[in-house]
Every structure is written in structure tokens, then in C-alpha cells.
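>>> With the sequence up front, the predicted model follows.
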Amino acid sequence: QVLLVESGGGLVQPGDSLRLSCAASGRTFRNYVMGWFRQAPGKEREFVAAITWSAGFTYYADSVKARFTISRDNAKNTVSLQMNSLKPEDTAVYYCAAGATISALQARRTDYSGQGTQVTVSS
């Protein structure tokens, strides 16, 4: 069992930055590909970013590429999402998740998922 707890959400203005963090506890964190998803009101949960256990490979949704950066610290069992140049369309609940592969996460097949943290981008 892996417990994931997100933090760092909030209300920001367009163009601002925000950093989300996810603390993992339980089974071996480094065995999993970690990722972030988001879900806006009335929309399906969508893949945002993923990172392999060695942090050697990352993958982003086209909508966030060049604005968001995912990173992980296996020693601290944390994964982060740095979000820059935020737009109103980035408003959503953001979820941290663990999965077997990047492809699995892209297909929304997660082994574990957190409770989410709200990000609101509004002027």
C-alpha cells in the first residue's frame, strides 16, 4: 500500500507560479512511476505529467509542456510539480498518482492516487 498526500494548491492569478508537492509513504516508492493528473469541474480526469523512478525520463501533456516541471526525490519519498505561467484553464483539482509505467499513467491506469489539492487560477 502507498499513501499519497498532496499539498501546495491555492488561488493564484494568471501568469503566476505554484509548486505542488506529494508525500508518499508505505511500500517502496522508488518502484513506481509517479505522475500528476487533474480534473476540472464537469470534465474527465486528465494526465498532466509523469516521471520514472530514476527521474531519467519525464513526459508531459501538450497543454502543460514547457510550463510545468515534474521532479522527484526518492530519498525523501516526494514528487513535485512546478507550475509556471498558469492559465485559467489550469484550474482543477490536482492528484498525485503512482503507476507501473508512463504508458499506464497516460492511460489513467493508476495503482495509487491521492485525495487531490485544488488549484484555482483567476484574476
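Structure received.

>>> List the buried residues of stretch 51-70.
Within stretch 51-70, the residues that qualify as buried are 51-52, 58-61, 64, 68-70, counting by 16 or more other Cβ atoms under 10 Å. C-beta: built from backbone N, CA, C; applies to glycine.

>>> where's S113 relative to A66, distance?
For S113, the distance to A66 under the criterion Cβ to Cβ, to the nearest Å works out to 26 Å.

>>> and if you look at V93?
23 Å.

>>> any chance you could map the helices in the protein?
Counting by DSSP state H, one finds helices in the chain at the ranges 102-106.

>>> what ranges do the strands span in it?
The residue ranges that make up the strands of the chain, judged by DSSP state E, are 2-7, 10-12, 18-26, 33-39, 46-51, 58-60, 68-73, 78-83, 92-99, 112-113, 117-121.

>>> give me every residue that touches the residue nearest to V48 when sequence neighbours are not counted.
Computed as Cβ to Cβ, 6 or more residues apart in numbering, the closest residue to V48 that is not its neighbour in sequence is W36, at 4.3 Å. Each residue near W36 by Cβ atoms under 8 Å, 6 or more residues apart in numbering is listed here: 20, 22, 48-50, 70, 79, 81, 94-97.

>>> Make JSON lines out of those residues and add pLDDT.
Supplementary listing: the contacts of W36 in JSON lines, determined by pLDDT from 0 to 100:
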{"residue": "L20", "pLDDT": "98"}
{"residue": "C22", "pLDDT": "96"}
{"residue": "V48", "pLDDT": "97"}
{"residue": "A49", "pLDDT": "97"}
{"residue": "A50", "pLDDT": "96"}
{"residue": "I70", "pLDDT": "97"}
{"residue": "V79", "pLDDT": "94"}
{"residue": "L81", "pLDDT": "98"}
{"residue": "Y94", "pLDDT": "98"}
{"residue": "Y95", "pLDDT": "97"}
{"residue": "C96", "pLDDT": "96"}
{"residue": "A97", "pLDDT": "95"}
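
>>> Could you provide these in TSV, with additional columns for distance to T28?
Conversion of those to TSV gives the following (distance: Cβ to Cβ, whole Å):
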residue	distance to T28
L20	23
C22	16
V48	24
A49	21
A50	18
I70	19
V79	14
L81	22
Y94	24
Y95	21
C96	16
A97	16
